[in-house]
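Chemist: below is the sequence, then the predicted model.
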Amino acid sequence: MSRKAVVAMSGGVDSSVAAALMKDAGWDVTGIMLKLWSGPAANNESGCCSLDAAEDARRVAQVLDIPFYVFNFADEFARTVVDDFVSAYAQGRTPNPCVTCNRAIKFSALAGRARAVGAEALATGHYARVDTVAGQRRLLRARDRAKDQSYVLYMLDQAELSWTHFPVGEYSKPEIREIAASLGLRTARKPESQEICFVPGGRLHPFLEQAVPEGSRPGPILDPNGGRIGTHRGFAHYTVGQRRGLGVGVGLPLYVREVRPDDNAVVVAPAGEQRITELSLSGVSFVGADSGELVSGGGGPPREVLRAAVMTRYRGPEADGTLERRGGSWTYRFDEPQPPSAPGQAAVFYRGEEVLGGGTIDRVR
């Protein structure tokens, strides 16, 4: 008797092919779509929670001859992902809702439902890979670096990886589309959605004006010395490192250095004054069973250090440096000064193809 697997289906080509590959591998597959949002964005025809997306997923399931169900997680999604998103912007931070959704919904709430129906595996359409070395599961980048999504999966632990499958991670996007076309799946040529699923039309500014009114009041744009050089539209509409849309002309490019909700100010500086040398992190976790890969440093107060590359935005560049823990505090120090990273974003640690873990950026220096 085949073992049961639940595949999270969004109505897109990647999750469609993930379901097909799991079935081809001999699993007894059930497709599950997550109804995550019921606001205006859900009416967008291309949205992942739209009726059109649900119909696409249902029709794919029919072609694959697998059961298909829609689970309503709208309350959990609003309470965790959306509320966290709004709260972060109200604090002058720039969150990554996909990280929060993966942590709280897809690999937690959905996983619980999947186990409740007897599933022995959970598969998604993420571009990433999992392998096993010396009894430990490892999270790896996708074969197709251009589509790699391991950055938003860094929070997965050994228990979660022990039954999680990423079937499309071994393929390129063109290959996935070819597989879908060969199976006659209606999603084969479906375009990708790059929008935040709960933001109508991907228009973030109107969403923030309604959701974070206290962060949408005009205020001063300051230079590094505290001099006022312009007026911003509301601190919630700016992110550290931003250059475009500042509305300040001083004869040289300026970038956002700091967002200050307490006095409704946005501080900008020229690129040469923007470099940072370290990140303060919270919520640090490791893909391994614990932080045992850290090695004790010599001398001084007890500390632990780890050499690793870090990525501080989705599909962004990597930089080398050292992660250090002293007591309960985590700091990542760059080998060379770097462009600023936005508080609220994830800092994900890599060693070659392997994801070691990650955390949330609290402050930059």
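Modeler: The structure has been received and is ready for your questions.
Chemist: please make it C-alpha for all contacts and neighbour counts, starting now.
Modeler: OK.
Chemist: does the nearest residue to Val152 once chain neighbours are set aside belong to a helix or a strand, and which?
Modeler: Take Val152 and drop its neighbours on the chain: the residue closest to it by CA to CA, 6 or more residues apart in numbering is Val99, 4.9 Å away. Element membership of Val99, judged by DSSP states H and E, is helix 97-101.
Chemist: how far off centre is the next helix or strand after that helix?
Modeler: Using DSSP H and E, the helix or strand that follows helix 97-101 in sequence is helix 110-116. In terms of CA atoms, centre = their mean, to the nearest Å, the gap separating the centre of helix 110-116 from the centre of its chain is 21 Å.
Chemist: output the longest helix belonging to this protein.
Modeler: Longest helix in the chain, counting residues (DSSP state H): helix 51-64.
Chemist: list the buried ones in the helix or strand hosting Val348?
Modeler: Assigned by DSSP H and E, Val348 belongs to strand 346-351. With burial defined by 16 or more other CA atoms under 10 Å, the residues of strand 346-351 counted as buried are Ala346, Ala347, Val348, Phe349, Tyr350.
Chemist: also stretch 205-218?
Modeler: His205, Phe207, Leu208, Glu209, Ala211, Val212, Glu214, Gly215, Ser216.
Chemist: from these, which land in helices?
Modeler: Of those, the ones assigned to helices by DSSP H are His205, Phe207, Leu208, Glu209, Ala211.
Chemist: so which two of those residues are the farthest from each other?
Modeler: The largest separation in these, counting by CA to CA, is between His205 and Ala211 at 9.8 Å.
Chemist: need the buried residues of stretch 205-218 in a markdown table (columns: distance to Phe68 and pLDDT).
Modeler: Below are these laid out as a markdown table (distance: CA to CA, whole Å; pLDDT from 0 to 100):
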| residue | distance to Phe68 | pLDDT |
| --- | --- | --- |
| His205 | 36 | 96 |
| Phe207 | 32 | 97 |
| Leu208 | 35 | 97 |
| Glu209 | 38 | 97 |
| Ala211 | 34 | 97 |
| Val212 | 37 | 98 |
| Glu214 | 43 | 97 |
| Gly215 | 42 | 98 |
| Ser216 | 42 | 98 |
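Chemist: need these in JSON lines with distance to Gly272, can you?
Modeler: As requested, these are exported to JSON lines (distance: CA to CA, whole Å):
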{"residue": "His205", "distance to Gly272": "29"}
{"residue": "Phe207", "distance to Gly272": "33"}
{"residue": "Leu208", "distance to Gly272": "30"}
{"residue": "Glu209", "distance to Gly272": "32"}
{"residue": "Ala211", "distance to Gly272": "34"}
{"residue": "Val212", "distance to Gly272": "32"}
{"residue": "Glu214", "distance to Gly272": "31"}
{"residue": "Gly215", "distance to Gly272": "28"}
{"residue": "Ser216", "distance to Gly272": "29"}
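Chemist: quick check, nearest of the residues you listed to Ile196?
Modeler: Lowest distance from Ile196 to these (CA to CA) belongs to Phe207, with 11.0 Å.
Chemist: export the longest helix of the chain as PDB, just CAs?
Modeler: Coordinates of each C-alpha in helix 51-64 appear next as PDB, following Å, rounded to 0.1, in the frame of the first residue of the first chain:
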ATOM      1  CA  LEU A  51     -11.200  31.500  -7.300                       C
ATOM      2  CA  ASP A  52      -9.300  31.100 -10.600                       C
ATOM      3  CA  ALA A  53      -6.200  29.700  -8.700                       C
ATOM      4  CA  ALA A  54      -8.400  27.300  -6.900                       C
ATOM      5  CA  GLU A  55     -10.000  26.200 -10.100                       C
ATOM      6  CA  ASP A  56      -6.600  25.700 -11.700                       C
ATOM      7  CA  ALA A  57      -5.500  23.600  -8.800                       C
ATOM      8  CA  ARG A  58      -8.700  21.500  -8.900                       C
ATOM      9  CA  ARG A  59      -8.400  20.900 -12.700                       C
ATOM     10  CA  VAL A  60      -4.700  19.800 -12.300                       C
ATOM     11  CA  ALA A  61      -5.800  17.400  -9.500                       C
ATOM     12  CA  GLN A  62      -8.400  15.900 -11.900                       C
ATOM     13  CA  VAL A  63      -5.800  15.400 -14.600                       C
ATOM     14  CA  LEU A  64      -3.400  13.700 -12.100                       C
END
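Chemist: now do it, average pLDDT.
Modeler: Predicted confidence along helix 51-64 averages 96 (mean pLDDT).
Chemist: again with stretch 227-244
Modeler: Confidence for stretch 227-244, expressed as mean pLDDT, is 96.
Chemist: would you map out the domains in the protein?
Modeler: Domain assignment for the chain, taken from automatic domain parsing, gives 4-126+166-201, 216-273, 276-364.
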